[in-house]
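1. A predicted structure for the sequence below; I have some questions about it.
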Amino acid sequence: MSGDDPVPEPTDDIMCATYRALCRHGYADLTMQDIADEWSKSKPALHYHYDTKRGLLLAFLDHLYDAYTDRVAAPEEGSPRARLDALIDAALDPPRTDAHRELRTALFEVKAQAPHDEAFRERLERFDTHLADEIRRLVAEGVDAGAFRTDADPETAATLLVTLVNGAHSRRVALGADDGVRAAIDDFVADSLEADR
């Protein structure tokens, strides 16, 4: 696609309508009319705010990112291991309002646009960057506190853990399960990060 659509400030009611329409229709079949129907207003009224489906979905990703960063953040209290576990749990387990398989499937379809659309790619990368930054910070703090090994590399830990979380999300959509991912993360943390006691 050429150029970026301007992304205006989203309104909660339009974002809720987009959420419902994505759940109902998926990404590929989604139209501006579908979103307008969920919004209970006319398609021209929706076009007053967003020129294209692409522009609206970019705004929707921004909206989801704000909610994600509020939800997926390292706790400030507890041991480094407990804080890392809580962060990974938040990243793996979306809140009940996001638990609809239909929305996860639609967002999976949106992710498929990233190789072809830089604006989608940039927005999706922000989710990974946020999680990786939180993991790097926690691992570095754990090393400094003596809870994690002195040779633990925060960058490597962040890369691996973000990849495992993304893999779990993909398996959940494609196969309906993410069996074993949480146990693999626990094994990695115990074997590669935790200091000998």
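-> Done, it's in.
2. Next, name the residue at the spatial heart of this protein.
-> Central residue of the chain (CA atoms, centre = their mean): residue 127, 4.9 Å from the mean position.
3. Would you tell me what helix or strand that residue is located in?
-> helix 118-145 (DSSP states H and E).
4. Tell me the helices and strands packed up against that helix.
-> helix 53-71, helix 80-92, helix 101-111, helix 154-175 (3 or more CB pairs under 8 Å, 6 or more residues apart in numbering; DSSP states H and E). For glycine as for every other residue, the C-beta is placed from the backbone atoms N, C-alpha and C.
5. Go again with 7 Å.
-> Applying 3 or more CB pairs under 7 Å, 6 or more residues apart in numbering; DSSP states H and E, we find helix 118-145 packed against helix 53-71, helix 80-92, helix 154-175.
6. Pull out the buried positions in the first one.
-> Meaning helix 53-71. Going by neighbour count (16 or more other CB atoms under 10 Å), the buried part of helix 53-71 is 53-61, 63-64, 68.
7. Output that helix as CSV, restricted to C-alpha atoms.
-> Only the C-alpha atoms of helix 53-71 are listed here, as CSV (Å, rounded to 0.1, in the frame of the first residue of the first chain):
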residue,chain,number,x,y,z
LYS,A,53,-10.9,0.3,6.7
ARG,A,54,-7.2,0.3,6.9
GLY,A,55,-7.1,3.7,8.7
LEU,A,56,-9.7,2.5,11.1
LEU,A,57,-7.9,-0.8,11.8
LEU,A,58,-4.6,1.1,12.4
ALA,A,59,-6.5,3.2,15.0
PHE,A,60,-7.9,0.1,16.5
LEU,A,61,-4.4,-1.4,16.9
ASP,A,62,-3.4,1.8,18.6
HIS,A,63,-6.4,1.5,20.9
LEU,A,64,-5.5,-2.2,21.7
TYR,A,65,-1.9,-1.2,22.4
ASP,A,66,-2.9,1.3,25.0
ALA,A,67,-4.9,-1.4,26.8
TYR,A,68,-2.1,-3.9,26.4
THR,A,69,0.5,-1.7,28.0
ASP,A,70,-1.8,-1.1,30.9
ARG,A,71,-2.3,-4.8,31.4
